[in-house]
Structure formats: structure tokens, C-alpha cells
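Undergrad: give me a 3D structure for the following:
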Amino acid sequence: MKRVLILGTGSAAIQIAVNLKTKLDCSVGIAGRISARSKIFFSELNENNNRVCVHIQNNEHISMSGECFIDHAFAGYETISEEWDTIIVSVTNNAYISVIKQLDLEFMKRVQCVVLVSPIMGSNHLVSHFLKQSGCSAEVVSFSTYYAATKGRDSATEVLTKAVKKKIYIGSTDKNSEACSQLSNVLNQLGIAVVLTKSPYEAESRNISIYVHSPIFMNECALDNIFGEDNNPKYAYKFYPEGPITQYVMHDILEQWKEISLILNTLEVERFNLLEFMNDDNYPVSPQSLSRDDIENFTSFDAIKQEYLLYIRYASLLIDPFSTPDANGKYFDFSAVPIQKVYQDPEGYWCIPRVPNEDYYRLKILQGTARNLTLLTPTIDKLIKNYERKLEQFAQTNQEYLLSDDFIPKCWDEEVSLICNEIRSARQLN
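TA: Purely as a prediction, here's the structure:
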């Protein structure tokens, strides 16, 4: 990792660039597609002599802050030059193949490692199989998720990091990966614990969004709000009617976890404790709300108790239990995360926010993988049906407006085929 090229010009790409320059002292390049937003980024980058900067919201994350000078910037993937030993893909996970297809084939054959920052379950299989078909032998590394919560500021070359993950899982196609060792070292310096997994698929499965986003955002309450049928403000983690959380959402979270666990078990990835993962790897609740015994023995309980414990967990996080109360005894309103609605882009096209648009992609890939493995996924099927029905309803009632292809139901058959081909290849090798 002496010469690292980051694909993508978003907030995460800037944070990653600063971390690599300050912790690894390597050459760093940034490349991105040409768009209205990226033109502003590249213009400001040029005006600032390739300087980018990360600010932090909390002093405890001081190690994430800093600035650096990008060594090379490429406006348009077709303009990439120089030799790069590692590529870090920091674009939306449903764009991995479309972006890699834009890279020069001879250039890709010389790349030694490709790192996927925020993959879905199957992204590593997808990219690995595509690279092999193209004659490329690069190692492919998957993070469980991007390791921070970073957003833009007024300047396109400055970002604000609001939160940092406590733990990240990393898996690679190379069992003796030097890249994973170097990436782990960087993350450890940032105060982030790293778990190296036996397989990339296992790392990709350790993302909390997989298990909670779809049931929370693909029910009638949330979808009515996202697609504008209910214009009252709603909040993602509040209980009905302020938000979508109900006992039925808890049921779907539990059943979807069981369906995903079947996929994991078929691929020889050990099932993990969902409640323990929520509490220990993401955000804990106070022991007065959930006992350690209940957390650790979650998988042994019957479904009713499991749903009950999940309900307690979300009720306990309506406020931040570890915040400092104000003079009136009020704790920080932790659950007041506004549900984002459909919006019009600068060109006038109606678009769907990343949540649940990216979650739809993730669910469709899971559904396709399960069907290939002859597994039933009734909860996943139901959530997809809920979402696609809303897509069709919105398209029908807004025919006079410009609609992006977000509103077209999709299959992603090519991606599913590549993933499943890689699964079969891995099974034959084992």
C-alpha cells in the first residue's frame, strides 16, 4: 500500500485519504466520475492545491481529524494514469461493477489489491468473479462497513466526522493478506478495533444496517412517509405513530435475521447473536434495561422472548441512556432521526434517498442468492414486495414528472449470477 487510489469523491473518500496520508504516509490519488457535484469538488481541489481537510464533532475522535494534500486527482475514471498498487472503492455499493468497468483493463491487471469500503453481502464475490473474468488477479478486501459517520460541509473539500465505529470486521480473498495487516494497523491507530474474519462474506455480514434497515424502512408507515403519502414528520427509530417501530417491525427484524442466518450457514459462516451484535458492536443500552444474561443467551430463547428483547432494546434507545440530562431531566433524543423523503435532483428528476434505495439493492441480491441456494425467504420477499408496490404507485401517479431509474423495479440478475458463480467456485476448491 505505497500508492493508493481512492475511487469516489464523497465525504468518506476525503476521510480515508486523510487517514492514509497521516498514518501510512503513502501516495494517495482520488478519482471520480464527472457529475455536477464532482465538478465542484475537483474545481475546489485544484484551487486549494489538492488540500482536503477533516473536522470532528467530538474531541474523543481527534485522531480522525487533520488535513493532507492529495498527490493526484483524476476527473473521470478514464483519465487515470500512473501506477497504483491498491484501489479503495468508496462509491455506493450498487455501483461497484459499473465503476470498475470504466477502468482501463491493462491498468487493472497491474493492481494488486482492491478494497471495498461499504459492501453488501456478496460484493466481494461479485467483484472477485468480475476481475477474474477480466484476467485480473488482484486480492479483494471487504470491510464490514465504512468506519465513521462523515458528512460534507460548505466546502466540497472539507468534511465533518460526527461518529466513529468501535469495531470493524475485515475479510480478504488472500488468507495471508498483508493489506489487511496494514489496514488493521491504520484503524487501530484511529482507536477502532479490528476483527479479521475467515472469509470476506463473513465480514460483509457484520453490518447492522443489513438486519434493521429493511424492516424499519420498508413497512407501510415508513414507505408512506418516504413517498409523500404521509407528509407529517416521521423519525426512523421512534415508535408508532411518531415513527415506524412496532411489535411487527420487531417480528420482521427477527425473521429476516433467521433467513439471512440460513444463507450464512449454507456458506459455512457461523450464525451470530443478533442482540449481542446490536449491543456490543453498535450501541449499548444500560444493564438496567437489558441484562447481560438475556443478551448472551438470546439465540437460545423462543421467538416470543426474542421479539420482546428486541422491543426492549429499541424502547431503551428512544433516548441516549448515556447522555447527560438537562436541567429538566431530559436526555438526548437519540431516536429523532428524520426519515428522508423522495426528492428532486438539480436536473429535476425525482430520486429516492439512499435509505431505502441501497437497502432495496441489498435485499434483491440476498433474495437472488437465497433462491440459488434453494432457500426460502418469506420476510425478505414481503419487504421487497412492499417496496416495489410503492415504486409502481409513485410512478403511476407522477407520470407528468421526470423520474430517475430509482423508480424502476430491478432484478440485478447479472450481479446475482456472478456472486453465485463465485460461491460455486469456492465450494469446488474446498
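Undergrad: who's in contact with the host helix or strand of Ser417?
TA: Under the criterion of DSSP states H and E, Ser417 resides in helix 413-429. For helix 413-429, the external contacting residues (Cβ atoms under 8 Å, 6 or more residues apart in numbering) are 97, 122, 125-126, 128-130, 267, 364-365, 368-369, 372-373. C-betas here are computed from N, CA, C, even on glycine.
Undergrad: can we see that at 10 Å?
TA: With Cβ atoms under 10 Å, 6 or more residues apart in numbering as the test, helix 413-429 has contacts from 94, 96-97, 120-130, 132-133, 173, 199, 201, 266-268, 361, 364-369, 371-373, 412.
Undergrad: for this protein, which segments are assigned as strands?
TA: Remark: strands assigned in the chain by DSSP state E are 3-7, 27-32, 51-56, 66-69, 72-75, 86-89, 113-116, 139-143, 148-152, 158-164, 167-172, 193-196, 343-344, 350-351.
Undergrad: now do the fifth one: which elements does it pack against?
TA: Looking back up the chat, that one is strand 72-75. Here strand 72-75 touches strand 3-7, strand 27-32, helix 36-47, going by 3 or more Cβ pairs under 10 Å, 6 or more residues apart in numbering; DSSP states H and E.
Undergrad: okay, those in JSON lines with mean neighbour count and distance to Ile253 next?
TA: Putting the helices and strands packed on strand 72-75 into JSON lines (neighbours: other Cβ atoms under 10 Å; distance: least, Cβ to Cβ, whole Å) gives the following:
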{"stretch": "strand 3-7", "mean neighbour count": "23", "distance to Ile253": "33"}
{"stretch": "strand 27-32", "mean neighbour count": "24", "distance to Ile253": "35"}
{"stretch": "helix 36-47", "mean neighbour count": "16", "distance to Ile253": "34"}
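Undergrad: now for the ones you listed, which one comes closest to Thr79?
TA: Among these, strand 27-32 comes nearest to Thr79, with 7.6 Å by Cβ to Cβ.
Undergrad: residues contacting Val4?
TA: Counting by Cβ under 10 Å, 6+ apart, Val4 touches 16-17, 20-21, 24, 26-30, 71, 84-88, 113, 115.
Undergrad: ditto for Leu196
TA: Leu196 touches 169-172, 175, 177, 180-181, 183-184, 202-203, counting by Cβ under 10 Å, 6+ apart.
Undergrad: and if we set it to 7 Å?
TA: Neighbour list for Leu196: 170, 180, 184 [criterion: Cβ atoms under 7 Å, 6 or more residues apart in numbering].
Undergrad: run a quick neighbour tally on the last one.
TA: Residues lying near Ser184 (other Cβ atoms under 10 Å) number 18.
Undergrad: from Val52, how far off is it?
TA: Going from Ser184 to Val52 by Cβ to Cβ, to the nearest Å gives 24 Å.
Undergrad: and what of the second one?
TA: As for Cys180, its distance to Val52 is 25 Å (criterion: Cβ to Cβ).
Undergrad: these two touch, right, Tyr401 and Tyr349?
TA: No: Tyr401 is beyond contact range of Tyr349, at 8.4 Å (criterion: Cβ atoms under 7 Å).
Undergrad: rewinding a little: comparing Cys180 and Val52, which residue is more hemmed in?
TA: More crowded of Cys180 and Val52, by other Cβ under 10 Å: Val52, with 27 against 22.
Undergrad: contact partners for the more buried one?
TA: 14, 17-18, 67-68, 70, 157.
Undergrad: now do 6 Å
TA: Residues in contact with Val52, defined by Cβ atoms under 6 Å, 6 or more residues apart in numbering, are 14, 17, 157.
Undergrad: out of these, who has the most neighbours?
TA: When neighbours are counted by other Cβ under 10 Å, Ile14 leads the contacts of Val52 with 29 neighbours.
Undergrad: burial check on Gln189, number of neighbours?
TA: Gln189 has 13 neighbouring residues, counting by other Cβ under 10 Å.
Undergrad: pull out the buried positions in the lowest-mean-pLDDT helix or strand in the chain.
TA: Least confident element among the helices and strands of the chain, by mean pLDDT, DSSP states H and E: helix 413-429 (a mean of 88). Buried residues in helix 413-429, counted by 16 or more other Cβ atoms under 10 Å: 415-416, 418-423, 426.
Undergrad: switch the residues you listed over to CSV; also include distance to Lys101.
TA: Output for those, formatted as CSV (distance: Cβ to Cβ, whole Å):
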residue, distance to Lys101
Glu415, 12
Val416, 17
Leu418, 12
Ile419, 16
Cys420, 20
Asn421, 17
Glu422, 17
Ile423, 22
Ala426, 23
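Undergrad: which pair in the residues you listed spans the largest distance?
TA: In the buried residues of helix 413-429, the most distant members under the criterion Cβ to Cβ are Glu415 and Ala426, with 16.7 Å between them.
Undergrad: so how far is Gly29 from Ala426?
TA: As judged by Cβ to Cβ, Ala426 and Gly29 stand 32 Å apart.
Undergrad: whoops, Glu83 was the one
TA: Distance, Glu83 to Gly29, by Cβ to Cβ: 11 Å.
Undergrad: how about Lys167?
TA: 29 Å.
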